[in-house]
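S.K.: Here is the input, now give the coordinates:
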Amino acid sequence: MQNLRQGAFEMGLTFWQIPVILVLLIPAGFTFISDSSSPITYAIEILWIMGMPIIAIALAGAFKSRNVRLSDFSGHIDETVIFQIASIARWDVVNALERVVNSILSSAPRNLRSWLINIVIEENSEARSYLEKKYAGNERIRITVVPREYRTKKGALAKSRANQYAIENLRAQGLVSKNIWIYHLDDDTSIGPESVAAVAEHIMRYGDRYYLAQGILSFPHFLTRNFITKYADSMRPTDDLTRFYFFTNVLKMPLIGLHGENMLVRSDIEESVGWDNGNRAIADDSFFALNFAYLYPGRSAFMPAITYGSSPATVRDMLKQRKRWFLNVSNLSFYGGIPVKYRAFMIYSIIFWMGMVVQNIVPVLMILHMMGIIDMAVINPEVLFLWAFTLSFWIWFYISGLRINREVSGVYRENIIDYAILVFLYIFVISPLEIIGGILGFIGFLRNERSFEVISKPI
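M.R.: Below you'll find the predicted structure:
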């Protein structure tokens, strides 16, 4: 496997691409403009206007995070850090899990004097015996087995149930205190020395004020086998430096949610917030985020740590993943048991996601109109600039994340062809797939599905 790029480097986003794309799109819009209006133009105008708060928040977050650099902190700390990995431990995720564990073993000593790895698995996990034998002689690694009969008070499911058992188990072992921190990782999310440096730096310099910190997720291309999903996950690093940064670090309240990986939280705070989110399919990380914002407003922060994950191995897995996101966040938005004012932005985001069905079909309709297949003008003078600006923003959103994913893959030269491929795929492939994933999630929400489908992670 290729080596990940490591060491401090600039992560802040640049903005010059947005006006450049805008200048290119407006003349194209004039080609399709119509003086008449129709129900679809009115619907599109409403939905584009509805999306402006998300764009404004993202741009504000990008501006605030423009000088972010990965941590090069070189000190050591005495506080204990528990690297916690909740895994389904199927055979098709074991390779990725071992990659994560190896990355911790090689990176943790850089800044930590006291640390351990806590792998949380189910009693009936396929690879349980293999993992227990493999790591039996390593005093730094613990395998926490969630008993089959274990139930939380509210009947939490899947990863929420596992995380709740894990924190209760740590309490029983005397490993919950203000001097013990838990760094959550997924079973495909490896780290580097700069990740540990950021964890140690946060605990030493900011831990007394901010009990929780979130970093950046990246997706090196050599950890991804699928051509389309590689480009589809370009938006994720940008999301961390825009929307997530705004809520977690500017407002100090993670009202947009959190990732279940690259998340650092003080153990006693995690215990008080808890993971027991009820017996619906509810996003464990976002539930924790909103509950944390409710109980500890103003106590979250961003940390300049980056992790290295793998994108879905197939388009089918990508659709499963997006369906799960939409279903779980929808259940949290409407049944989360948290005051509505803390769920309001989640509810808005869900409505906006469904509205993307109309927004993202516009470029396709324009191409069909240009080819003479349909005779339907979808842009009038009232919405021309709004359309061009919105599309410019989302193209910028994706190409900014692509740059980060290319850099962590060791590819530093700009490649206009790569960006052109991304723009084409975004308009004609990725956006429709994201919409389909959302629709599948919405259907699952209406059906009250309670399954938690974990996708394969072969690398």
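
S.K.: Strands along the stretch 251-400 of the chain, start to end?
M.R.: If DSSP state E, counting those that start in this stretch is used as the criterion, the strands of the stretch 251-400 of the chain fall at 263-266, 300-308.

S.K.: again with the stretch 51-200 of the chain
M.R.: 77-86, 112-122, 141-146, 180-185.

S.K.: what about the ones you listed, which gets the closest to E45?
M.R.: strand 180-185 (41.4 Å; CB to CB). The way it works is simple: take the backbone N, C-alpha and C, and place the C-beta from them, glycine included.

S.K.: now that closest one against strand 112-122, angle please.
M.R.: Strand 180-185 and strand 112-122 are oriented at 60 degrees to each other (axes from the mean of the first three to the mean of the last three CA atoms, to 10 degrees).

S.K.: Who are the packing partners of strand 180-185?
M.R.: Packed against strand 180-185 by the contact rule (3 or more CB pairs under 8 Å, 6 or more residues apart in numbering; DSSP states H and E) you find strand 77-86, helix 158-172, helix 193-206, strand 263-266, helix 267-273.

S.K.: Point to the helix or strand of this protein where mean pLDDT is at its lowest.
M.R.: Least confident element among the helices and strands of the chain, by mean pLDDT, DSSP states H and E: helix 362-370 (a mean of 66).

S.K.: end-to-end on stretch 140-152?
M.R.: 28 Å (CA to CA, to the nearest Å).

S.K.: need the contact list for the closest residue to V411 other than its chain neighbours.
M.R.: With CB to CB, 6 or more residues apart in numbering as the criterion, V411 has its nearest non-adjacent residue at 7.7 Å, and that residue is H221. H221 sits next to 230, 405-406, 409, 411 when contact means CB atoms under 8 Å, 6 or more residues apart in numbering.

S.K.: can you redo the residues you listed as TSV with neighbour count and distance to V315?
M.R.: Shown next, in TSV, are the contacts of H221 (neighbours: other CB atoms under 10 Å; distance: CB to CB, whole Å):
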residue	neighbour count	distance to V315
K230	23	11
N405	25	18
R406	21	21
S409	21	21
V411	16	23
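
S.K.: burial count for T307?
M.R.: T307 has 25 neighbours, counted by other CB atoms under 10 Å.

S.K.: check contacts around it.
M.R.: 185, 189-191, 195, 215-218, 261-262.

S.K.: So what does the residue sitting nearest the centre point of the chain have for phi and psi?
M.R.: The centre of the chain sits closest to H259, judged by CA atoms, centre = their mean, with a distance of 5.1 Å. Dihedral pair for H259: phi -90, psi 150, per degrees, to the nearest 10.

S.K.: Run through the residues that contact it.
M.R.: Taking CB under 8 Å, 6+ apart, we find H259 in contact with 214, 217, 240, 244, 285.

S.K.: ok, the helix or strand encompassing the second one: who's next to it in the sheet?
M.R.: Yep, that's L217 we're talking about. Assigning secondary structure by DSSP states H and E places L217 in strand 212-218. Sheet pairing of strand 212-218 (DSSP bridges) gives strand 263-266 (antiparallel), strand 300-308 (parallel).

S.K.: In JSON lines, list these along with mean pLDDT.
M.R.: Listed next are the strands paired with strand 212-218 as JSON lines, based on pLDDT from 0 to 100:
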{"stretch": "strand 263-266", "mean pLDDT": "98"}
{"stretch": "strand 300-308", "mean pLDDT": "97"}
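
S.K.: Compare the ones you listed and report which one is nearest to R209.
M.R.: strand 300-308 (7.9 Å).

S.K.: Please state the offset of that closest one from the chain centre?
M.R.: Distance of strand 300-308 from its chain centroid, counting by CA atoms, centre = their mean, to the nearest Å, is 12 Å.

S.K.: Check stretch 163-176 too.
M.R.: 26 Å.

S.K.: and what of stretch 74-93?
M.R.: So, by CA atoms, centre = their mean, the centroid of stretch 74-93 is 18 Å from its chain's centroid.

S.K.: Thank you kindly, that will do.
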